[in-house]
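Participant: How does the following fold in three dimensions:
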Amino acid sequence: MFVYCAGTVAENPYEMPYTGQKVYSIEELCYYLYHNIYSINEEFFQPSLAEWLRDEVNLKELSEKISRMLSDNPKLKDLVVTIFCGCDYYKEEEIRKLIVVMDGISNLPLYKKKKIKADNYLRAGRYGKSLLEYRKLLSGSFAVNFTTEEYGDILHNQGIAHFYTSSFEEAENDFKEAYVRNNKMASLQHYLWLLLMQEKEQEFEAEAISFGMKKADINFTKNKYQEAAAKFRIPEKSEEDIETYKEQLIQAFSC
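Facilitator: Okay, the predicted model is just below:
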């Protein structure tokens, strides 16, 4: 989306932690923060941000202020508001509404904040990091805090992380257990598609029937898989081909 920039446009963009998205101005930075506030935490604000503000968009005073704050264990809300005060892109009323949202986030229990962190890693494609965080949530002391459905949702996301970092089999187990807990069709479809990816045709049929799917639904699921898979070349031996294939498949089959 186009963002109007009244200030300096950087030659070298600032690359966002987690997502890798690039911004070229203070206005674009504010826009990103405003629309991604649930994925922002204290780790987002690094010394490199202060350096970028100073060197690339000529905001020396704002850069110095952020640098001082980072050395003093600041609150996330204070950092965000300071950035927003660096330009006039958002009105005071809009900033106040954002503060209310941030207050709500800060009051979330720790286990929910941990899940947001894990989901941020997953969303950014940092699958190894997300996998470590999901394992902590599922097997650590936080696990008892989640409802059965929430636990299933975490298993589903862990399945995606396993899909990229380890094996289809581990992802398969995650999606199956996720569906048992959250009863969401997305988890069941991911599980069944993984069986088809591994050419487990008989197991696919048996599992689909065991989960109460009718013949028409089974055929629909299989046909949808075949249509999506037909668009992509079966990978050769190179790791690059395999990773590209996996990424294309998971995007095609996402619900």
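Participant: CA only for contacts and neighbour counts going forward, please
Facilitator: Will do.
Participant: how close does K60 sit to I66?
Facilitator: Distance of K60 to I66, given as C-alpha to C-alpha, to the nearest Å: 10 Å.
Participant: Looking only at neighbour counts, state which of the two leads.
Facilitator: Each of K60 and I66 has its neighbours counted (other C-alpha atoms under 10 Å); I66 has more, 24 against 16.
Participant: show me the contacts for that one.
Facilitator: The contact partners of I66, by C-alpha atoms under 8 Å, 6 or more residues apart in numbering, come to 50, 79, 82.
Participant: E205 too?
Facilitator: I218.
Participant: Let me know the helix or strand that it is in.
Facilitator: According to DSSP states H and E, E205 maps onto helix 201-210.
Participant: now that helix, how far from the chain's geometric center?
Facilitator: Its chain's C-alpha centre and that of helix 201-210 lie 31 Å apart, by C-alpha atoms, centre = their mean, to the nearest Å.
Participant: Pull out the buried residues from that helix.
Facilitator: Residues of helix 201-210 classed as buried: 204-205, 207-208 (neighbour count, 16 or more other C-alpha atoms under 10 Å).
Participant: which among the residues you listed gets closest to L137?
Facilitator: Taking C-alpha to C-alpha as the measure, L137 lies nearest E207 of the buried residues of helix 201-210, at 27.9 Å.
Participant: Could you find the closest non-adjacent residue to the closest one?
Facilitator: Nearest residue to E207, sequence neighbours excluded (C-alpha to C-alpha, 6 or more residues apart in numbering): L192, at 7.8 Å.
Participant: Over to G128?
Facilitator: In space, and not counting its chain neighbours, G128 is closest to T165: 6.4 Å by C-alpha to C-alpha, 6+ apart.
Participant: okay but the one you found is in contact with K129, surely?
Facilitator: No - here T165 does not reach K129: they are 10.1 Å apart, not a contact under C-alpha atoms under 8 Å.
Participant: hang on, the earlier thing: now pLDDT too, for the contacts of I66, in CSV please.
Facilitator: Formatted as CSV, the contacts of I66 follow (pLDDT from 0 to 100):
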residue, pLDDT
A50, 95
L79, 94
T82, 95
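Participant: What separation do you get for the residue in the chain sticking out farthest from the centre and K222?
Facilitator: The centre of the chain is farthest from one residue, K215, which by C-alpha atoms, centre = their mean lies 34.6 Å away. Distance, K215 to K222, using C-alpha to C-alpha: 11 Å.
Participant: gap between the residue nearest to G128 and L132?
Facilitator: Separation of T165 from L132 (C-alpha to C-alpha): 11 Å.
Participant: of these two, who's got more company?
Facilitator: Each of T165 and L132 has its neighbours counted (other C-alpha under 10 Å); T165 has more, 16 against 13.
Participant: so how far is A216 from that one?
Facilitator: 34 Å.
Participant: and what of Y121?
Facilitator: Per C-alpha to C-alpha, Y121 is found 37 Å from A216.
Participant: out of the two, which sits in the busier spot?
Facilitator: Counted by other C-alpha under 10 Å, Y121 and A216 do not tie: Y121 has more neighbours, with 22 against 9.
Participant: Need the nearest residue in space to the more buried one, chain neighbours excluded.
Facilitator: Take Y121 and drop its neighbours on the chain: the residue closest to it by C-alpha to C-alpha, 6+ apart is S130, 5.0 Å away.
Participant: quick one, what contacts that neighbour?
Facilitator: 118-122, 158, 161.
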